[in-house]
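[1] my questions concern the predicted model and sequence given below.
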Amino acid sequence: MKFMLFNRHVQFSWIGLAVYLMLVTLLCSLGFWQLDRAEQKKQILTQQAQALSVASINLNQETIPTVEAVRYQNATVIGRYDDAHQFLLDNQIVDGKNGYFVLTPLFLDGQSRAVLVNRGWVALGKDRNLLPAVDIKELQVRLAGRINQFPSVGIKLKGAEIPTETWPSVVQVIDSKVLSQKLGYQLVDYQIELDPTAAEGYKRKWTMNTPIPPEKHQAYAVQWFGLALTLTALFIWISIKKRSE
């Protein structure tokens, strides 16, 4: 195909044009996708900030529809620990060391269901067969903590959600339905991260799942759009150069 552009002869093949259009469309799509991700991250950060500023939820009086709606929000609860049936969430890294999160069921007063209270992290011993002692002195408690999802894993292996038979029971991935079947009573589908100042807990350094900042996604978008612009300039330059030769 031949035509004039700014008093210059331009020539390119239809195949070359098709390849260019395909690539520039892909690059622009990636740029707009990054802008969309930036907006999503802004919303997540806003939700996290709002969760920290609102009043605590009384779990004995309120029902949580979804954990996503109240993630990181403070909560209070009165109940009784089921210390005979505790879970150790394996492969939890804290300060570069491997260990367990201690998850203890707490029956909510006035309700037939329980919530898993994450009482913190304990280090893995030299012998995996010797599990840490996680006894509780005071079973009937009033405690405060933070609502959160269960810890996630990068790759979920088959059977990772199946706990060991003995107590405390070791598990690789928390599935509230599977654990409810083992316990014989209902668990809600979220955890309470025990307040760092509360008794009957272990090492607690609760953090937020901070996403990639929106600014970084915006920078990625600029890069993709920049590549699309560079490709356009290169395509025009090659077309003009080809005609000149």
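    Yep, it's here.
[2] hey, let's count contacts and neighbours off CA atoms from now on
    OK.
[3] ok, then the element right after the longest helix that the chain contains?
    The single longest helix within the chain, with elements called by DSSP state H, is helix 14-53. As assigned by DSSP states H and E, the chain's next helix or strand after helix 14-53 is strand 57-58.
[4] what packs against that next one?
    strand 74-81 (3 or more Cα pairs under 8 Å, 6 or more residues apart in numbering; DSSP states H and E).
[5] buried residues in whichever helix or strand comes after the strand it packs on?
    Using DSSP H and E, the helix or strand that follows strand 74-81 in sequence is strand 87-94. Residues 87-92, 94 are the ones in strand 87-94 that count as buried (16 or more other Cα atoms under 10 Å).
[6] quick one: which of those is nearest residue 136?
    residue 87 (13.3 Å; Cα to Cα).
[7] so that closest one touches residue 169, yeah?
    Yes - taking contacts as Cα atoms under 8 Å, residue 87 lies within contact range of residue 169: 4.7 Å.
[8] could I get the buried residues of strand 87-94 as JSON lines with distance to residue 183 and pLDDT?
    Output for the buried residues of strand 87-94, formatted as JSON lines (distance: Cα to Cα, whole Å; pLDDT from 0 to 100):
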{"residue": "87", "distance to residue 183": "11", "pLDDT": "96"}
{"residue": "88", "distance to residue 183": "14", "pLDDT": "96"}
{"residue": "89", "distance to residue 183": "16", "pLDDT": "95"}
{"residue": "90", "distance to residue 183": "19", "pLDDT": "93"}
{"residue": "91", "distance to residue 183": "22", "pLDDT": "90"}
{"residue": "92", "distance to residue 183": "23", "pLDDT": "92"}
{"residue": "94", "distance to residue 183": "28", "pLDDT": "90"}
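[9] format these as JSON lines; extra columns: distance to residue 174.
    What follows is the buried residues of strand 87-94, written out as JSON lines (distance: Cα to Cα, whole Å):
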{"residue": "87", "distance to residue 174": "9"}
{"residue": "88", "distance to residue 174": "10"}
{"residue": "89", "distance to residue 174": "7"}
{"residue": "90", "distance to residue 174": "10"}
{"residue": "91", "distance to residue 174": "12"}
{"residue": "92", "distance to residue 174": "12"}
{"residue": "94", "distance to residue 174": "18"}
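[10] between the residues you listed, which sits nearest residue 105?
    Residue 105 lies nearest to residue 87 out of these, by Cα to Cα, at 8.5 Å.
[11] I'd like to know how far that closest one sits from residue 172.
    From residue 87 across to residue 172, the span is 10 Å (Cα to Cα, to the nearest Å).
[12] now swap in residue 202 and tell me
    19 Å.
[13] who's more crowded, these two?
    Each of residue 202 and residue 172 has its neighbours counted (other Cα atoms under 10 Å); residue 172 has more, 21 against 18.
[14] ok, back up a step: and the longest helix of the chain with strand 74-81, angle?
    With axes from the mean of the first three to the mean of the last three Cα atoms, to 10 degrees defining the directions, helix 14-53 sits at 70 degrees from strand 74-81.
[15] report the rounded mean pLDDT for helix 14-53.
    For helix 14-53, the mean per-residue pLDDT is 84.
[16] show me which residues of that helix are buried.
    Buried, per 16+ other Cα under 10 Å, within helix 14-53: 20, 23-24, 27-28, 30-38, 41-42, 44-45, 47-48, 51.
[17] now swap in stretch 180-190 and tell me
    Within stretch 180-190, the residues scored as buried using 16+ other Cα under 10 Å are 186-187, 189-190.
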